[in-house]
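Visitor: sequence and predicted structure, then a few things I'm wondering about:
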Amino acid sequence: MTPPEPAVPGVAQTAPGGVVLATVPLPRLPRPGLAFLETSRGDVLGPWLPLLVAPSRAVAQELCRLVEQRGGPVSCTRPPVQLFLADLGRLLSLDIAGACLEGSGYTDDWAAYEAYRELRDAMPDAAAAAARLLRRCIEWCLPECTALAANILLSLLQ
């Protein structure tokens, strides 16, 4: 059963089981990767949620089906789905940052080098995370995500 959608964007609504659903209008995010969504009330900050910007409609649809199969939107707040989405988003961000570098690793854009280096430093476990992600994609029968994870892993190992 799909929980009801809130009637007004930006307004929360309680669904069966005490889950609070909200539609939050967002600007178009510039590139695939990971963003974070945090909720707050007064001075209290709620838990973060991964907000994955998928590189294609096919990947986005596959991830929506995964979330639905794993228990709906609330599954994004619990491992293993939350960790899967976070790893996928981090790896997409790293992959996109490295995509501007030619095969030889050369570009005239020094800021691109710096951004890529910072992401690599922040994710020393990138190859292990990509391998873990690939195994999970295969285990969960996600063909689009499997192809994406395999490409990211191969680019990290080159």
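Guide: Everything's here; your move.
Visitor: elements contacting the longest helix belonging to the chain?
Guide: The residue-count maximum for a helix in the chain (DSSP state H) belongs to helix 81-99. Under the contact definition 3 or more CB pairs under 8 Å, 6 or more residues apart in numbering; DSSP states H and E, helix 81-99 sits against strand 33-41, strand 44-53, helix 57-69, helix 110-122, helix 126-139, helix 143-157. C-beta: built from backbone N, CA, C; applies to glycine.
Visitor: ok, the closest residue to residue 131 other than its chain neighbours - contacts?
Guide: Here the nearest residue to residue 131 in space, its sequence neighbours aside, is residue 153; by CB to CB, 6 or more residues apart in numbering that works out to 6.0 Å. Residues in contact with residue 153 (CB atoms under 8 Å, 6 or more residues apart in numbering) are 127, 130, 131, 133, 134.
Visitor: need the residues that contact stretch 31-43.
Guide: 24, 29, 45-55, 85-86, 88-90, 92-93, 96.
Visitor: next one: stretch 135-148
Guide: Against stretch 135-148 from outside (CB under 8 Å, 6+ apart): 55-56, 58-59, 62-63, 66, 80, 84, 88, 92, 133-134, 149.
Visitor: that stretch: end-to-end distance?
Guide: 12 Å (CA to CA, to the nearest Å).
Visitor: show me what counts as buried in it.
Guide: 136, 137, 140, 142, 144, 145, 146, 148 (16 or more other CB atoms under 10 Å).
Visitor: now those in a markdown table, with distance to residue 110 and pLDDT?
Guide: A markdown table is the format used below for the buried residues of stretch 135-148 (distance: CB to CB, whole Å; pLDDT from 0 to 100):
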| residue | distance to residue 110 | pLDDT |
| --- | --- | --- |
| 136 | 36 | 96 |
| 137 | 35 | 96 |
| 140 | 40 | 96 |
| 142 | 37 | 96 |
| 144 | 34 | 96 |
| 145 | 33 | 96 |
| 146 | 35 | 96 |
| 148 | 29 | 95 |
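Visitor: which residues does the residue of the chain most remote from its centre contact?
Guide: The outermost residue of the chain, judged against the average C-alpha position, is residue 108 (29.0 Å), by CA atoms, centre = their mean. Going by CB under 8 Å, 6+ apart, residue 108 touches no other residue.
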